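**Student:** predicted coordinates and the sequence they were generated for:
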Protein chains: 2
Amino acid sequence: MRQIDLGEDPLKLDRQVCFALSIASRSVIALYRPLLEPMGLTHPQYLVMLALWESSPRSVRDLCQALRAEPATLSPMLKRLEAIGYLTRRRNRSDERELVVELTAAGRALRQDAEKIPYRVVEELGMEVAELQELHAVLSRVIAATAKPAVE
Amino acid sequence: MRQIDLGEDPLKLDRQVCFALSIASRSVIALYRPLLEPMGLTHPQYLVMLALWESSPRSVRDLCQALRAEPATLSPMLKRLEAIGYLTRRRNRSDERELVVELTAAGRALRQDAEKIPYRVVEELGMEVAELQELHAVLSRVIAATAKPAVE
DNA sequence: CACCATTATTTAGTGCACTAACTGTTAGTG
DNA sequence: CACTAACAGTTAGTGCACTAAATAATGGTG
């Protein structure tokens, strides 16, 4: 067991990485909101669309893995996306347990509008792309660390 | 207008900083869950407690600023924390608009239990403290960038 | 082939975040 | 002092995240 030194007052709000993570996540999502609103999408729905633009007929299970989301979260989201006409939901004939999600023409067409979004977000953030890439790398390590099954 | 180069396929899910931010935030909060559960706290409630341990009788408005939260979010949260006996809510006599939130003895006592939490989280993450500090610094820059009132 | 564990998805219930609208209090202005 | 704008919190409604339980289909195994 190595010794961890967190300095004095490890409960100080402003030092909490978890607090900074929450705020940063909410703040960045807030940047997307006005950009996504014209498409009728929320940020989580936008992530679903990104996953579908990469591979279109795919199962809920597959989407859950790609998005690291619970099926219980995706289930109602997919219904909303179906309701606004961006995708279809149907059972897999060869395995009726599986729900196959597929983009509609409208869903595919949306990609054109979406392509400008990353540039606009980076622009509004006003940070260097290199710094964002570094942030992404650190976040990936955090995600990998939390995904670990607590190896001794 | 400087040119932004996001490489090819800027819509690739795995490259999205916003996606990594969401997952990292949720994953880290998930680390706290089993540690907070014995105290009957959720992670957002834990942040409220951190804010109150720093300064105890304080207004909702003040808490909102410290936590970067909406009053509409804090209002029901504070009622829940009052219901489980960690704080009291009362109006300020000299300004009846203001709600004064104050820790109870139980709320103050909880701090002792909470003090081990940061160490356990860092331990479970298995990352260097230095790297976490660097992450905190980058996140702070992101937060500052999003807080900017879009200066020309 | 019946039984049973596994798998894929859905439903229900709690809590948080966001927006907009509402209530009540205070402070300024004519 | 009456009027009104600003301020502090609350309420209502939508959507997401998490847990646990339910439903339905599939794949062994005896």
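**Tutor:** Structure received.
**Student:** show me where chain A has helices.
**Tutor:** Assigned by DSSP state H, chain A shows helices spanning A:17-36, A:43-54, A:60-67, A:71-83, A:105-114, A:117-125, A:129-147.
**Student:** check the residue nearest the centre of chain A and give its pLDDT.
**Tutor:** Nearest residue to the geometric centre of chain A (CA atoms, centre = their mean): A:Leu47, 4.6 Å. Predicted confidence (pLDDT) for A:Leu47: 98.
**Student:** show me what A:Arg89 is bridged to.
**Tutor:** Beta-bridge partners recorded for A:Arg89 (DSSP bridges): A:Val101.
**Student:** ok, it to A:Ser56 distance?
**Tutor:** Per CB to CB, to the nearest Å, A:Arg89 is found 13 Å from A:Ser56. Any C-beta I mention is one placed from the backbone N, CA and C, and that applies to glycine too.
**Student:** do stretch A:66-73 and chain B meet?
**Tutor:** Yes. Stretch A:66-73 comes into contact with chain B (CB under 8 Å from any CB of the partner chain), by way of A:Ala66, A:Leu67, A:Arg68.
**Student:** what sits up against stretch A:71-88?
**Tutor:** Stretch A:71-88 is contacted by residues A:40, A:44-45, A:48-49, A:52, A:60-61, A:63-64, A:67, A:89, A:99, A:101-104, A:106-107, A:110 when judged by CB atoms under 8 Å, 6 or more residues apart in numbering or on different chains.
**Student:** how far does it sit from its chain's centre?
**Tutor:** Relative to its chain's centre, stretch A:71-88 lies at 15 Å (CA atoms, centre = their mean, to the nearest Å).
**Student:** again, but for stretch A:63-75
**Tutor:** Worked out by CA atoms, centre = their mean, stretch A:63-75 lies 10 Å from the chain centre.
**Student:** stretch A:111-122 now?
**Tutor:** The answer for stretch A:111-122 is 15 Å, by CA atoms, centre = their mean.
**Student:** stretch A:128-141 too?
**Tutor:** With CA atoms, centre = their mean as the basis, stretch A:128-141 stands 16 Å off its chain's centre.
**Student:** who's in contact with that stretch?
**Tutor:** Against stretch A:128-141 from outside (CB under 8 Å, 6+ apart): A:122, A:125, B:4-6, B:15, B:17, B:20-21, B:23-24, B:127, B:131, B:134-135, B:138-139, B:141-142.
**Student:** mind putting the helices of chain A into TSV with distance to B:Pro34?
**Tutor:** Below are the helices of chain A laid out as TSV (distance: least, CB to CB, whole Å):
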stretch	distance to B:Pro34
helix A:17-36	14
helix A:43-54	25
helix A:60-67	22
helix A:71-83	20
helix A:105-114	38
helix A:117-125	34
helix A:129-147	13
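**Student:** only the buried subset of the residues of stretch A:66-73 next to chain B, as a ChimeraX command please.
**Tutor:** Selecting only the buried entries of the residues of stretch A:66-73 next to chain B in ChimeraX, with 16 or more other CB atoms under 10 Å in any protein chain shown as the criterion:
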select /A:66,67
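**Student:** make TSV from the residues of stretch A:66-73 next to chain B and add distance to B:Ile117 to it.
**Tutor:** TSV is the format used below for the residues of stretch A:66-73 next to chain B (distance: CB to CB, whole Å):
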residue	distance to B:Ile117
A:Ala66	32
A:Leu67	29
A:Arg68	24
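**Student:** just the pLDDT for A:Arg108.
**Tutor:** The model's pLDDT for A:Arg108 equals 98.
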